[in-house]
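S.K.: just need the structure, nothing else, for what follows:
(one chain, ligands or ions: 2)
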Amino acid sequence: MTVPIAKLSFWGVRGSTPTVDPATWRYGGNTPCLELIAPDGTQIILDCGTGLRMLGSRWAAPSGGKTPETHILVTHYHWDHIQGIPFFSPLYVENNEFHFYSFRSKFLGRDSLKQVFEAQMALPYFPVDMSAMNAKRKFKEVDGGESFTVGENNVTARWLNHPQGCLGFRIETPAGIVAYATDNEPGDAKLDESLRELAAGADIFINDAQFTPEQLETTRKGWGHSSWLEGARVARQAEAKTLVLFHHDPDSTDRMVDSILRQAREEFDSVFAASEGMVVTLGAPGDRVQAHMPGTRTALRREAQFQAKVCGVTEGGKDFEEETVVRDISLQGALISLKHMPRLQSELQVTMEAPGADGVQSMNLRGYVVRIDAGAEKGHVAVGVVFTD
Ligand SMILES: [Zn+2]
Ligand SMILES: [Zn+2]
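M.R.: Ligands and ions are numbered 1, 2, ... in the order given. Okay, the predicted model is just below:
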């Protein structure tokens, strides 16, 4: 018997507007776009932010020998959730078929999403005419409270509290439940309840964490977004298993998101900060939710033998310190063999002894854990870190 596994990929995690600031590269600068491959092979895309272009350039049509068919759920029409559409190359390929789902906006009326497409591609905003979009496109209107099935999966939409409206989606697959609740602000009793219904018992609960709790109470009140603290609160009340902090503020540097994540982990056990390229699998035997970070060290790698002392936090939340050898290093990061199992997305202090002009010198670096390979060597785990400032 094969175990049903669903795969959720994060192609864009930034809120409001894309960022290219080097201080934001680790979590990524593309705006919202997620892709869920359900156990039955159904491909569901959540939102069409600039991350959609990346997905399009690594496009693999869903298998099965039939017409490649994709379901695209759009939460709302703010730029950051639709801007990738004209740059999504599979839309220009005749054999592809896309089913779009979104709500009827009171500002646009009938066929809201279709109108968004046309407006985005109208002259002088975009040089390519709509007629070049050769893929089949079908548009379906969904309302808050509605449920429908795609393949073997059940999708429920619910209204969230956001200017001009926003839908949250709950996708129930045979491998587990994903709740996607970007762009929402707490404080409206009815919509707070609908957020909890979306998240109820979810294996993965993706929530807006754009602002700090302080901002949310003061300068950013009424802007339509939430915080890590609110996410942790809802995750606890709704008994969600894993919380993913999402829709990072364009002004939040990687260091700021690190600190948001650290605080959230003090409030709730299983938390990740969404990062571009992150893949979460659902339903794998043993650990129901597993996260994998992208391979970030593309620069020249050198095999090395540096004596090092490493301090960090284990998977179980305990501080540790150990002496080891750094075996592989690049300008961006290193591969370190450890007896302890550090926590994914946690920080390690790495002190290395490096030979210099004046004898052996000690070098202090801050590493951020992006990869853990437990099967590499008996009694040890191979830990991939990215160096941060
Ligand atoms: Zn947004
Ligand atoms: Zn929005």
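
S.K.: in its sheet, what does the lengthiest strand in the chain sit against?
M.R.: In the chain, assigned by DSSP state E, the strand with the most residues is strand 359-377. Its sheet considered, strand 359-377 pairs with strand 347-356 (antiparallel), strand 380-388 (antiparallel) by DSSP bridges.

S.K.: buried set for it?
M.R.: Leu365, Gly367, Tyr368, Val369, Val370, Arg371, Ile372 (16 or more other CB atoms under 10 Å). For the C-beta atoms, the positions are set from N, CA and C on the backbone; glycine is no exception.

S.K.: can you check stretch 259-279 too?
M.R.: Within stretch 259-279, the residues that count as buried by 16+ other CB under 10 Å are 260-265, 268, 270-278.

S.K.: and if you look at stretch 138-147?
M.R.: Under 16+ other CB under 10 Å, the buried positions of stretch 138-147 are Phe139, Val142, Gly144.

S.K.: and those residues, which is closest to ligand 1?
M.R.: Nearest to ligand 1 among the buried residues of stretch 138-147: Gly144, at 17.6 Å, using CB to the ion.

S.K.: and the pLDDT for that closest one?
M.R.: What the model reports for Gly144 is a pLDDT of 97.

S.K.: equivalent analysis for the one 10 residues further on, please.
M.R.: According to the prediction, Asn154 has pLDDT 98.

S.K.: in contact with it, which residues?
M.R.: Listed by CB atoms under 8 Å, 6 or more residues apart in numbering, the contact partners of Asn154 are Ser147, Phe148, Ile171, Glu172.

S.K.: you'd agree Val234 is in a helix?
M.R.: Yes - under DSSP: H, G, I helix; E, B strand; the rest coil, Val234 sits within a helix.

S.K.: just checking, it touches Glu197?
M.R.: No - applying CB atoms under 8 Å as the test, Val234 and Glu197 come out as separate, 10.7 Å apart.

S.K.: on that earlier part again, from the strands paired with strand 359-377, which stretch is densest packed?
M.R.: strand 380-388 (a mean of 20; mean count of other CB atoms under 10 Å).

S.K.: contacting residues around it?
M.R.: Residues contacting strand 380-388 (CB under 8 Å, 6+ apart): 26, 254-255, 258, 293, 296-297, 331-342, 347-348, 350, 365-374, 376.

S.K.: tabulate the contacts of Asn154 (JSON lines), appending secondary structure and pLDDT.
M.R.: Shown next, in JSON lines, are the contacts of Asn154 (DSSP: H, G, I helix; E, B strand; the rest coil; pLDDT from 0 to 100):
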{"residue": "Ser147", "secondary structure": "strand", "pLDDT": "98"}
{"residue": "Phe148", "secondary structure": "strand", "pLDDT": "98"}
{"residue": "Ile171", "secondary structure": "strand", "pLDDT": "98"}
{"residue": "Glu172", "secondary structure": "strand", "pLDDT": "98"}
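
S.K.: buried members of the residues you listed into ChimeraX, please.
M.R.: To isolate the buried members of those in ChimeraX, using 16+ other CB under 10 Å:
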select :171,172
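
S.K.: run a quick neighbour tally on the residue in the chain that ligand 2 sits nearest to.
M.R.: For the chain and ligand 2, the shortest gap (CB to the ion) falls at His78, measuring 3.5 Å. If you count neighbours by other CB atoms under 10 Å, His78 ends up with 20.

S.K.: more neighbours: which of Val234 and Glu197?
M.R.: Legend: neighbour count by other CB under 10 Å for Val234 and Glu197, higher for Val234 (24 against 14).

S.K.: strands of the stretch 101-250 of the chain, residue ranges please.
M.R.: 136-141, 147-150, 153-160, 166-173, 176-181, 204-208, 242-246 (DSSP state E, counting those that start in this stretch).

S.K.: quick one: the helices in the chain, in order.
M.R.: 51-57, 79-82, 112-120, 189-199, 213-217, 228-237, 254-267 (DSSP state H).
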